[in-house]
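Asks: Starting from these lines, generate the structure:
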Amino acid sequence: MSFWQNHRFRLDDQPADTTVVFGASRFTFGLDHNTWEQNTGKRPYNLGLHGASSLPMLHDYAVNTEMNGIVLCAISGGFTFANESIPFSERIAKAVKDINKNRYSFALRSEDFTGRVLQANFAVLNPYLYSPIEVLREHLRFPPRKNERAWFHVPFTVHHTEENQDIYIDDLSDPYYMAQWDSMHQTVLTYMERYDPRDLDDAIAQMKRDISLISQRGGEVIFVRFPVSRFFKEWEDRRFPRDKYWDIIIEETGCRGFHYLDNTTTRDLFPPDGSHLMPHQAKVFTRELVKFVYPED
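Replies: Numbering: from 1, shown residues only. Predicted structure coming up:
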């Protein structure tokens, strides 16, 4: 969260017409920054956050900035409308609520500097190299216990950049790593089913107010739906069907929306882990998204 908040504060120094990205990890994995820049001449500013709803981010942009660029706002089913009591949903709401207070937090702001200087340069902070427990965990590879659903970080498969972009560094062909991603995702979905999603009418009402503020400044909000597959698609189709969420949001807000199923190229993209595009897929998706955002080009 300290990385995300410091990254958010740097948004204030960007040009007013910067293209800004809001959403969960599908956007940090699914938007290739280099491809976007190659096709538009400008780099996007990615404020995605794993497991987070884009709605508090959109509200923050509307009320705490004077920016007037294009806003790409992901609609990611359960994550966008996750109950605000769920920890990974609550944390982004709290970060946005405390944003003005945290601007003056020396401890928080200093982590931006110390993180880049220390973690990027001192191998002693790499637990895999120096922690016997990490080495054993990786090489012994004990199978999960029956009915175990543990949330844990998936190691050694993702590169996270200073621009807040996630890039897979292997193809997930190793069944061990795929099983880790599946376990984590299934844990999240099981957890979310214990709570009712946030009220759609209330969410749309807030979205419309935020969009109005942004539009008055000359900005535009565009909603984006990323590809999903496997059990993730089955879960979202059941819990957040398109006709009761995506279609209503587009109709009620009057915003443009890029849905992967409406594009002949992106509809066939198949995220191997169910939720996140591989690097070559992200390039394809990004090119098609650029064509939608800038149709005259």
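Asks: Is L118 part of a helix or strand, or is it coil?
Replies: helix (DSSP: H, G, I helix; E, B strand; the rest coil).
Asks: How many neighbouring residues does it have?
Replies: Applying other CB atoms under 10 Å, we find 12 residues neighbouring L118. All C-beta atoms are positioned from the backbone trio N, CA, C, and that covers glycine.
Asks: now it: how far from I169?
Replies: L118 is 22 Å from I169, where distance means CB to CB, to the nearest Å.
Asks: what do you get for A62?
Replies: Taken as CB to CB, the span from A62 to I169 is 36 Å.
Asks: For these two, indicate the residue with more neighbours.
Replies: Counted by other CB under 10 Å, A62 and I169 do not tie: A62 has more neighbours, with 23 against 9.
Asks: Return the residues in contact with that one.
Replies: Counting by CB atoms under 8 Å, 6 or more residues apart in numbering, A62 touches 209-211, 213-214.
Asks: Please apply the same query to I92.
Replies: I92 neighbours (CB under 8 Å, 6+ apart): 49, 52-53, 56-57.
Asks: of all those, which comes closest to Y177?
Replies: Nearest to Y177 among these, counting by CB to CB, is L49 at 22.2 Å.
Asks: so the closest one, which of the three states?
Replies: coil.
Asks: repeat for I167
Replies: strand.
Asks: Count the neighbours of it for me.
Replies: I167 has 15 neighbouring residues, counting by other CB under 10 Å.
Asks: What values do phi and psi take at the spatially closest residue to it that is not a sequence neighbour?
Replies: Residue nearest to I167 in three dimensions, not counting chain neighbours: H159, with 4.7 Å by CB to CB, 6 or more residues apart in numbering. For H159, the backbone dihedrals (degrees, to the nearest 10) come out as phi -100, psi 120.
Asks: Repeat that for the one 3 residues further on.
Replies: Torsion angles at E162 (phi, psi; degrees, to the nearest 10) stand at phi -70, psi -20.
Asks: Check P15 too.
Replies: Torsion angles, degrees, to the nearest 10, at P15: phi -60, psi 150.
Asks: And the one 3 residues further on, by the same measure?
Replies: Backbone torsions of T18, given as degrees, to the nearest 10, read phi -60, psi 140.
Asks: Now the helix or strand V188 falls within: buried residues?
Replies: Using DSSP states H and E, V188 maps to helix 175-192. Neighbour-count burial for helix 175-192, counted by 16 or more other CB atoms under 10 Å, picks out 177-178, 180-185, 188-189, 191-192.
Asks: from the contacts of I92, which single one is nearest A203?
Replies: Nearest to A203 among those, with distances taken as CB to CB, is S53, at 8.9 Å.
Asks: who are the neighbours in contact with that closest one?
Replies: 24, 79-82, 89, 92-93.
Asks: Next: V158.
Replies: 166-169.
Asks: what's the neighbour count on I75?
Replies: The local packing of I75 (other CB under 10 Å) involves 24 other residues.
Asks: Check what pLDDT it gets.
Replies: Model confidence at I75, given as pLDDT, is 96.
Asks: ok, now P44?
Replies: Looking at P44, its pLDDT is 98.
Asks: Please report the distance of it from G51.
Replies: Noted for P44: a distance of 21 Å to G51, by CB to CB.
Asks: Have a look at the two and say which one is more surrounded.
Replies: Neighbour totals were compared for P44 and G51, and P44 leads with 23 against 18 (other CB under 10 Å).
Asks: ok, back up a step: count of neighbours near the residue nearest to I167?
Replies: Around H159 there are 10 residues (other CB under 10 Å).
Asks: what sits against it?
Replies: 166-169.
Asks: Tell me which helix or strand S85 sits in.
Replies: Using DSSP H and E, S85 falls outside every helix and strand.
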